[in-house]
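>>> Compute the structure for the input listed below.
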Amino acid sequence: MPSRRGAPFRRKRALLWAGAKIYLIRLGILLRVSAQRQIRTALGESKSTIKNQLGKSTNRPTLRWIFQCFQSIHLVTFNHQKHISNWNQERDFILSLLPEDCHHYYQFLT
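Sure, this is the predicted structure:
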């Protein structure tokens with residue numbers, strides 16, 4: 001017959017992992033909501049809009065859409081010179097809505 005001595009410990013460990021996963025999911029949702037609120041507030045204060053996935057103007061973009069807007073930007077080195085591909089005015093405007101902590105990732109542009 002197999003021993004069941006470790007069974008209670010395994011159950012407790014599984015419950016701890018489940019609790020940790022729930023905590024991380026909640027933390028991720030909190031961060032997403034906070035970032036969306038900050039972007040939407042900045043859009044409201046500037047009385048501006050950006051285009052959504054359908055090309056319509058919106059003042060309530062999702063954070064996923066903001067990330068997708070920055071997905072196609074590339075740093076290209078050609079003849080020992082650095083160039084940014086796919087940078088446009090809309091991305092520059094979106095960057096201005098983001099907090100200063102995000103600007104250092106794109107310091108080459110400004």
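
>>> and H83, what are its bridge partners?
V76 (DSSP bridges).

>>> V76 is in contact with that one, correct?
Yes - look at H83 against V76 with CB atoms under 8 Å: they come within range, at 4.9 Å. (Glycine included, C-beta is placed from N, CA and C.)

>>> Restricting to C-alpha, output stretch 69-78 in CSV.
Listed next in CSV are the C-alpha coordinates belonging to stretch 69-78 (Å, rounded to 0.1, in the frame of the first residue of the first chain):
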residue,chain,number,x,y,z
CYS,A,69,0.3,50.6,-31.7
PHE,A,70,4.0,50.4,-30.5
GLN,A,71,4.5,46.9,-31.7
SER,A,72,5.8,47.6,-35.1
ILE,A,73,8.6,50.1,-34.1
HIS,A,74,12.1,49.0,-34.8
LEU,A,75,15.6,50.3,-34.2
VAL,A,76,17.6,49.8,-37.4
THR,A,77,21.4,50.3,-37.6
PHE,A,78,22.6,51.1,-41.1
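
>>> And that stretch, what's buried?
Neighbour-count burial for stretch 69-78, counted by 16 or more other CB atoms under 10 Å, picks out 69-70.

>>> burial of I25, as a residue count?
10 (other CB atoms under 10 Å).

>>> P61 now?
Residues near P61, counting by other CB under 10 Å: 20.

>>> go on, I94?
So I94, with other CB under 10 Å, has 20 neighbours.

>>> Just the C-alphas of whichever strand or helix holds it, formatted as CSV.
Per DSSP states H and E, I94 falls inside helix 89-97. Once non-C-alpha atoms are left out, helix 89-97 reads as follows in CSV (Å, rounded to 0.1, in the frame of the first residue of the first chain):
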residue,chain,number,x,y,z
GLN,A,89,3.0,61.5,-35.3
GLU,A,90,0.3,59.4,-33.8
ARG,A,91,2.8,57.3,-31.9
ASP,A,92,4.6,60.4,-30.8
PHE,A,93,1.3,61.8,-29.5
ILE,A,94,0.5,58.5,-27.6
LEU,A,95,4.0,58.6,-26.1
SER,A,96,3.3,62.1,-24.8
LEU,A,97,0.3,60.7,-23.0
